[in-house]
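Colleague: turn this into a model:
(one chain, ligands or ions: 1)
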Amino acid sequence: MTTTQRHRVVVVGGGFGGLPATRLLAASDLDVTLIDRRNHHLFQPLLYQVATGIMSPGSISPVLRHTLRKRKNVDVVLAGVTGFDLERRIVHTTSLPGEIGEYPYDSLIVAAGAGQSYFGHDDFAMIAPGMKTIDDAMELRRRVYGALEIAETSHDPALQRFWMTFVIVGAGPTGVELGGQIRELAYRSLKNDFRHIEPATVRVMLVDGGKEPLANFGGQLSGRARSDLEKMGVELHMGLRVVGVDPFGVDTEGANGEKGRFDCGTVIWAAGVQASPLAGLLAEATGAETDRAGRIAVLPDLSLPGHPEVFALGDMAALNNLPGVCEVAMQGGLHAANTIKRRLKGRESVPFKYRDLGSAAAIGRFKAIVSVGPVRLSGFPGFIVWMFVHLAFLNGFGHRFTALWRWARAMIGRARPERVFSVGHTGGDLSLPDEVKAKVMPKPFPVLEDQMGWADLVVRVASAAATENGGASDEGESAPA
Ligand SMILES: Cc1cc2nc3c(=O)[nH]c(=O)nc-3n(C[C@H](O)[C@H](O)[C@H](O)COP(=O)(O)OP(=O)(O)OC[C@H]3O[C@@H](n4cnc5c(N)ncnc54)[C@H](O)[C@@H]3O)c2cc1C
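Modeller: Next up is the predicted model:
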């Protein structure tokens, strides 16, 4: 790869894969264009703290243009990538006002991440939002704190119970961290804030088809996670698949086909990922395979078949069954950037070798589990490691300092300083014209008010309460205990 002009690299995605790649390339004598449809790098592992009122959106989302301001050879472009012309070496984009753009490249790195998967039930999304973006976290914050506000103003105990019941689908790290935080804010942070409800009675149910929460951490640590969660009052309903979601709750199915149901005012989806559609576009253009999660199979050096100048990595790429975690994306981004630099020096590419630095998940206040090589930590020692790992990965001194301060306030104190939510907002700007709003927010919160009417809800919840037997509903099926 020799060239007389400066080498042009386009990086798609300023996330955990794209940002380190851009930074490394920016230190070389070449030009980089970083294209992202968001203006920020998102620290997804702390999204649950935005949703539950510990962190502000800005404290986990450094602005890409600002982060890269000193790199004069980096051009940051806010636009959605819509396609690729691999033969002409062009990336197609659409900008915010809808203008079409074209960005030529000599080398291309695509790290567009993954979105939520509803396993073919995209209709669940309106009722059970997932947690992948800042918008998702703000939506969840609104639903969590909004549900408690509705319970507070309701005079019917059955309705109060309905709104104070949260079902989280998926007992992986996201579901566990969210579940622990919702219980903790209810019994610890909000205990003096309400007059007509008792926040400590908030029910949080984690529903998952597997046997143990955080199963990826292995028997000993997931057992510890289970006991910590149970002590915090999180109800674990393992071995159940959620097969239906409606505004009144979820339907479940056990391993032997037994049906169940949980009534609740809020459902949160924390299960399943689907690779960016850009993985499919690249696969189509190169003949590469995609797996069930839509991830594109890449060559050992992370490039694509027939196109050594194009790299795909992070959550949208599949290689050696590597997991969809920050470290894989970061190391992949650095590998692709280094490969481009090597080739510019006339050297061959080498296969990507992943160094597993371990994994960590927070369960609650001063409680986390950590697995690094043969070392297993839980409880407070686990929390200390979890804290330092997250501080190290956060971008910028200011963000690290803010995180430390906010954790101290929430965990040593009881503060939830970020509880503001917008009552009328669902995925759209309130200043939008009505006809646009009708399209982007067709079902304003609460979904029930719009879809079914309040009266319907009262009847449903009241009749469920009449036949209630420890969480079972009026559907006639026993909810598994
Ligand atoms: C809630 C949550 C918690 C997590 N917790 C952990 C954890 O504790 N530890 C851990 O290791 N991992 C965790 N992960 C996984 C980790 O965040 C991902 O593995 C990592 O972000 C993947 O990096 P990436 O670069 O592939 O994608 P991302 O970091 O998601 O970046 C993708 C970027 O591409 C941009 N993009 C996407 N499509 C387009 C397009 N068409 N045009 C332009 N730009 C586009 C996006 O805006 C985004 O900035 C968590 C993920 C979530 C959602």
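Colleague: name the residue of the stretch 151-300 of the chain that lies nearest to the ligand.
Modeller: Closest approach between the stretch 151-300 of the chain and the ligand, counting by CB to the nearest ligand atom: residue 174, at 4.3 Å. Every residue, glycine included, has its C-beta placed from N, CA and C.
Colleague: and for the stretch 51-200 of the chain?
Modeller: Counting by CB to the nearest ligand atom, the stretch 51-200 of the chain gets nearest to the ligand through residue 113 (2.6 Å).
Colleague: secondary structure class for the residue of the stretch 151-300 of the chain closest to the ligand?
Modeller: Following DSSP: H, G, I helix; E, B strand; the rest coil, residue 174 is assigned to helix.
Colleague: model confidence for the nearest residue to it once chain neighbours are set aside, exactly?
Modeller: If the residues on either side of it in the chain are set aside, residue 174 comes closest to residue 270, at 4.2 Å by CB to CB, 6 or more residues apart in numbering. Listed pLDDT for residue 270 reads 96.
Colleague: cool, and the one 4 residues further on?
Modeller: The score at residue 274 is 96. That number is its pLDDT.
Colleague: dump the residue contacts of the residue nearest to residue 318 when sequence neighbours are not counted.
Modeller: Counting by CB to CB, 6+ apart, the nearest residue to residue 318 once its immediate chain neighbours are dropped is residue 295, at 3.9 Å. For residue 295, the residues meeting the contact criterion (CB atoms under 8 Å, 6 or more residues apart in numbering) are 114, 275, 279, 315-318.
Colleague: residue 241: which of those residues is nearest?
Modeller: When the contacts of residue 295 are compared for distance to residue 241 (CB to CB), residue 114 comes out closest, at 21.1 Å.
Colleague: against residue 335, how distant is the closest one?
Modeller: Shown here: residue 114 relative to residue 335, a distance of 19 Å by CB to CB, to the nearest Å.
Colleague: repeat for residue 306
Modeller: Per CB to CB, residue 306 is found 20 Å from residue 335.
Colleague: who has more neighbours out of the two?
Modeller: Comparing residue 306 with residue 335 by neighbour count (other CB atoms under 10 Å), the higher total belongs to residue 335, at 24 against 12.
Colleague: quick check: the more buried one touching residue 349?
Modeller: No: if you go by CB atoms under 8 Å, residue 335 and residue 349 don't touch, sitting 9.0 Å apart.
Colleague: hey, what's in contact with both of the two?
Modeller: The contact lists of residue 335 and residue 349 share residue 301, where a contact means CB under 8 Å, 6+ apart.
Colleague: please narrow the contacts of residue 295 to those residing in helices.
Modeller: With helices taken from DSSP state H, the overlap with the contacts of residue 295 comprises residue 279.
Colleague: close to the ligand: what parts of this structure are there?
Modeller: Taking CB under 6 Å from any ligand atom as the criterion, the neighbours of the ligand within the chain are 12-18, 35-38, 42, 44-45, 47, 80-81, 111-113, 131-132, 173-174, 276, 278, 314-315, 324-327, 329.
Colleague: how many neighbours does the residue nearest to residue 174 have?
Modeller: Residue neighbour count, defined by other CB under 10 Å, stands at 25 for residue 270.
Colleague: quick revisit: residue 48 is in contact with the residue of the stretch 151-300 of the chain closest to the ligand, correct?
Modeller: Yes: between residue 174 and residue 48 there is a contact under CB under 8 Å: 6.6 Å.
Colleague: between these two, which one's more packed in?
Modeller: Each of residue 174 and residue 48 has its neighbours counted (other CB under 10 Å); residue 48 has more, 26 against 22.
Colleague: from the chain's centroid, how far away is the helix or strand containing that one?
Modeller: If you go by DSSP states H and E, residue 48 is part of helix 47-51. Distance of helix 47-51 from its chain centroid, counting by CA atoms, centre = their mean, to the nearest Å, is 9 Å.
Colleague: the residue nearest to residue 416 when sequence neighbours are not counted: which element?
Modeller: When the adjacent residues along the chain are set aside, residue 416 lies closest to residue 53, with 3.7 Å between them (CB to CB, 6+ apart). Per DSSP H and E, residue 53 falls between elements, in no helix or strand.
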